[in-house]
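Student: starting from these lines, generate the structure:
(one chain, ligands or ions: 1)
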Amino acid sequence: MKCKTCGKEFKGVLLEYYGDWECSDCNKEDVIHSEEGTKIFLETFSAGSSYEQLVATNHLSFFKEYTVDKIEVGSWHTDVWLKEIPEISFNSVFFVRA
Ligand SMILES: [Zn+2]
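Tutor: Next up is the predicted model:
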């Protein structure tokens, strides 16, 4: 799939809803517009479900830069996989773009 704004092919992005989605170059603010290689930071543990918080607190730390491996964007929920922590997905609400 390609970005409707700049035409770039998405990297590491799975869109689970039908709609326009801007690539990580066209939207540099939102975590949900990350692609493979985008750098993000942990912002908070006070988000998501209690299970998601447990997973996050067990694996993530503040002031550490993480690299997005892939992202699965749903209409109301987005999961992020990090290169530093393979095989575990995190709710995107914990992060901010670097
Ligand atoms: Zn774009």
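Student: flag every buried residue along stretch 14-27.
Tutor: Buried positions in stretch 14-27, judged by neighbour count with 16 or more other CB atoms under 10 Å: 21, 22, 23, 24, 27. Heads up, the C-betas are built off the backbone N, CA and C, glycines and all.
Student: residues in contact with that stretch?
Tutor: Contacts of stretch 14-27 with the rest of the structure, by CB atoms under 8 Å, 6 or more residues apart in numbering, involve 1, 3-6, 8, 10, 13, 33-35, 37-38, 70-75.
Student: returning to what we had before: ok, which of the buried residues of stretch 14-27 also contact the ion?
Tutor: residue 23 (CB under 5 Å from the ion).
Student: take the buried residues of stretch 14-27 and write them to a markdown table, including pLDDT and secondary structure.
Tutor: Below are these laid out as a markdown table (pLDDT from 0 to 100; DSSP: H, G, I helix; E, B strand; the rest coil):
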| residue | pLDDT | secondary structure |
| --- | --- | --- |
| 21 | 92 | coil |
| 22 | 94 | coil |
| 23 | 96 | coil |
| 24 | 97 | coil |
| 27 | 97 | coil |
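Student: so which of the buried residues of stretch 14-27 is the closest to residue 58?
Tutor: Residue 58 lies nearest to residue 24 out of the buried residues of stretch 14-27, by CB to CB, at 27.0 Å.
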